[in-house]
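> make a model of this:
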Amino acid sequence: MADLFDSPSQSGDMPEGPAHRPLADVLRPASLSEVIGQHQVLGPEGSLRVMLDAGALGSIIFWGPPGVGKTTIARLLAQETDLHFVQISAIFTGVPDLRKVFEAAKQRRKIGQGTLLFVDEIHRFNKAQQDSFLPHMEDGTILLVGATTENPSFELNAAVLSRSQVMVLERLSPDELELMAQRAEAVLERELPLIPSARAALIEMADGDGRAFLNLVEQAMAWRVAKPLEIEDLRARLMRRAANYDKSGDGHYNLISALHKSVRGSDPDAALYWFSRMLEGGEDPRFLARRLTRMAVEDIGLADPQAQAFCLQSWQTYERLGSPEGELALSQAVIYLALAPKSNANYVAYKAARRLAASSGSAPPPKHILNAPTSLMKDQGYGDGYAYDHDQEDAFSGQNYFPDGMKRPEFYAPVERGFERDLKKRVEYFAKLRRERQR
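Purely as a prediction, here's the structure:
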């Protein structure tokens, strides 16, 4: 992966012809202090800076999106700690290659030279390959620095994680990308041929990816124009970088979580935004339809019994219309759910009932509510004393329907919102009658 970030101290025009170097390579930083961004890691109180100042650098997993400096920081770490830098990619490295890497590190260690092994895309190694690092991490043969765009909690072995510190690297802010642009202009000794609003649009196109931004800057610098370009001219020449969204990775789970919580929080605008972000990222609308239906059941429930039917109808409309018109029906469901009264009373009651069912073993129902189709069962008392509710004045007998000896639980506690207001009144009414008739 190409590295990024530099300071004007490494100035010089980009050579042309066969020896041309990409701008990202020309702007390679000379020290950690020159890296743009990641203050939470590299600042005076940052986790990595604290480790370095204490002389206690251990194995590290850098977790963050593409183009935020994972490779660069690892390379500079080796430089700052006088370790031999070795870089491999989990995509192209097999077990035989790892053995060679470990053997070379052992030989260096014999002559007093440590090795910083940088593993890009470390999450792509399987469990056995990840386990192969452990003995060499423990005996000091290597200092492991891994880079991953995926959540280490899910993708890396617990043993590797327990021997490493996870450091989160963040997308670069617009201000940090602007600083990068200024450094590029200082190195190339000319300004970007863009008016201020187009310059801001160029930064937005990079979507927080420093490497992608430098590629955009390099393209813009190569244009020969009579005057700075407007936004429309810029967009005609450059394509917006595709949003970072992996339908099977963190992007998927983060955005669906944002959508779900925005609906739960009754914010239709935020819900529509995250819904649209997922569609822009290429998410299957059927997945969204399924998740919306789940929200109706889990977070709205009986506060609005129509919510579930509304979601199913929207889902069916999508199937009939297809894309892109069908997504509009799903967006209606998003708005409906966000504005619907919320209750998780059914969800809580269901979970509590499942827990009690799992813990109460095989306790049989009370005999008075068992059918007695045979004389033997009648002799055993099946059905004795059963009160047929429809024969009661108010169609309510108040009998016990739980196993004999079990203290009556209360699972369902409706809220004072939406239709559950009426259900709450019914629950309280039947509870009152039950107390009266069981005296």
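> buried set for whichever strand or helix holds Glu103?
Secondary structure assigned from DSSP states H and E places Glu103 in helix 95-110. Using 16 or more other C-beta atoms under 10 Å as the test for burial, helix 95-110 gives 98, 101-102, 105, 108-109. The C-beta positions use only the backbone N, C-alpha and C, and glycine is treated the same way.
> and stretch 349-361, by the same measure?
Quick answer for stretch 349-361 (16+ other C-beta under 10 Å): 349-350.
> make sure Ser262 is actually in contact with Ala271.
Yes - checked against C-beta atoms under 8 Å, the pair Ser262 and Ala271 is within contact range at 4.0 Å.
> who's more crowded, these two?
Ala271 (26 against 21; other C-beta atoms under 10 Å).
> just the strands in this protein please.
For the chain, strands defined by DSSP state E occupy the ranges 60-63, 84-89, 115-120, 143-148, 165-168.
> okay, the ones you listed in a markdown table with mean neighbour count next?
Below are the strands of the chain laid out as a markdown table (neighbours: other C-beta atoms under 10 Å):
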| stretch | mean neighbour count |
| --- | --- |
| strand 60-63 | 24 |
| strand 84-89 | 16 |
| strand 115-120 | 24 |
| strand 143-148 | 25 |
| strand 165-168 | 16 |
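> and those as CSV, adding distance to Ser397?
As requested, the strands of the chain are exported to CSV (distance: least, C-beta to C-beta, whole Å):
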stretch, distance to Ser397
strand 60-63, 60
strand 84-89, 71
strand 115-120, 69
strand 143-148, 62
strand 165-168, 60
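> those: which one's closest to Leu134?
strand 143-148 (9.5 Å; C-beta to C-beta).
> mean confidence score for that closest one?
The pLDDT scores in strand 143-148 average 94.
> what helices or strands is it leaning on?
Contact partners of strand 143-148 among helices and strands, from 3 or more C-beta pairs under 8 Å, 6 or more residues apart in numbering; DSSP states H and E: strand 60-63, helix 70-80, strand 115-120.
> using JSON lines, lay out these together with distance to Glu178 and mean pLDDT.
Below are these laid out as JSON lines (distance: least, C-beta to C-beta, whole Å; pLDDT from 0 to 100):
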{"stretch": "strand 60-63", "distance to Glu178": "24", "mean pLDDT": "94"}
{"stretch": "helix 70-80", "distance to Glu178": "19", "mean pLDDT": "94"}
{"stretch": "strand 115-120", "distance to Glu178": "27", "mean pLDDT": "95"}
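> among those, which is nearest Gly322?
strand 60-63 (37.9 Å).
> quick one: buried residues of stretch 426-439?
Buried residues in stretch 426-439, counting neighbours by 16+ other C-beta under 10 Å, are found at Val427.
> give me the contacts around that stretch.
394, 396-398, 400, 412-414 (C-beta atoms under 8 Å, 6 or more residues apart in numbering).
> where does pLDDT dip in this protein?
The chain contains residues with pLDDT under 70 at 1-19, 239-251, 439.
> which helix in it has the most residues?
Longest helix in the chain by number of residues (criterion: DSSP state H): helix 420-437.
> now it - C-alpha only, CSV.
Output in CSV follows, covering the C-alpha atoms of helix 420-437 (Å, rounded to 0.1, in the frame of the first residue of the first chain):
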residue,chain,number,x,y,z
GLU,A,420,-50.5,0.0,24.6
ARG,A,421,-52.4,2.5,26.7
ASP,A,422,-55.5,0.5,26.0
LEU,A,423,-53.7,-2.8,26.6
LYS,A,424,-52.3,-1.5,29.9
LYS,A,425,-55.9,-0.8,31.0
ARG,A,426,-56.9,-4.4,30.1
VAL,A,427,-53.9,-5.9,31.9
GLU,A,428,-54.7,-4.0,35.0
TYR,A,429,-58.5,-4.8,34.8
PHE,A,430,-57.8,-8.6,34.5
ALA,A,431,-55.2,-8.4,37.3
LYS,A,432,-57.9,-6.8,39.5
LEU,A,433,-60.4,-9.5,38.7
ARG,A,434,-57.9,-12.3,39.2
ARG,A,435,-57.1,-11.0,42.7
GLU,A,436,-60.7,-10.8,43.6
ARG,A,437,-61.6,-14.3,42.4
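> distance from that helix to the middle of the chain?
Here helix 420-437 shows a centroid-to-chain-centroid distance of 43 Å under the convention C-alpha atoms, centre = their mean, to the nearest Å.
> what's in contact with stretch 328-342?
The contact list for stretch 328-342 (C-beta under 8 Å, 6+ apart) reads 259, 262-264, 266-268, 271-272, 275, 285, 288-289, 292, 295-296, 299-300, 303-304, 307, 310-311, 313-315, 317-318, 321, 417-420.
> buried ones among those residues?
If we count by 16+ other C-beta under 10 Å, these have these buried: 259, 262-264, 268, 271-272, 275, 285, 288-289, 292, 295-296, 299-300, 303-304, 307, 310-311, 314-315, 317-318, 417-420.
> now do the buried residues in stretch 171-183.
Neighbour counts over stretch 171-183 (16+ other C-beta under 10 Å) mark 171-172, 176-178, 180-181, 183 as buried.
> swap in stretch 389-408?
397-399.
> neighbours of Pro364, just the number please.
Burial of Pro364 is recorded as 8 neighbouring residues (other C-beta under 10 Å).
> do Leu52 as well
Neighbour count for Leu52, taken as other C-beta under 10 Å: 16.
> mind listing what it touches?
Per C-beta under 8 Å, 6+ apart, neighbours of Leu52: 77, 80-81.
> neighbour-wise, which of the residues you listed leads?
Ranking these using other C-beta under 10 Å puts Leu77 first, with 21 neighbours.
> can I assume that residue is in contact with Val41?
No - the criterion here is C-beta under 8 Å, and Leu77 misses it with Val41 at 10.9 Å.
> give the residues shared as contacts by those two.
Contacts common to Leu77 and Val41, judged by C-beta under 8 Å, 6+ apart, are Leu48.
> mind putting the contacts of stretch 426-439 into CSV with distance to Ala372?
Formatted as CSV, the contacts of stretch 426-439 follow (distance: C-beta to C-beta, whole Å):
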residue, distance to Ala372
Asp394, 27
Phe396, 23
Ser397, 18
Gly398, 22
Asn400, 18
Tyr412, 30
Ala413, 35
Pro414, 35
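> in the stretch 151-300 of the chain, which spans are helices?
152-155, 158-162, 174-188, 196-206, 210-221, 231-237, 250-264, 268-280, 285-295 (DSSP state H, counting those that start in this stretch).
> name the residues of the fifth one that are buried.
For helix 210-221, a neighbour-count test (16+ other C-beta under 10 Å) marks 210-218, 220-221 as buried.
> out of those, flag the one nearest to Asp139.
Looking across the buried residues of helix 210-221 and measuring by C-beta to C-beta, the closest to Asp139 is Arg211, at 35.0 Å.
> how near is the closest one to Leu134?
Look at Arg211 and Leu134: by C-beta to C-beta, to the nearest Å, they are 31 Å apart.
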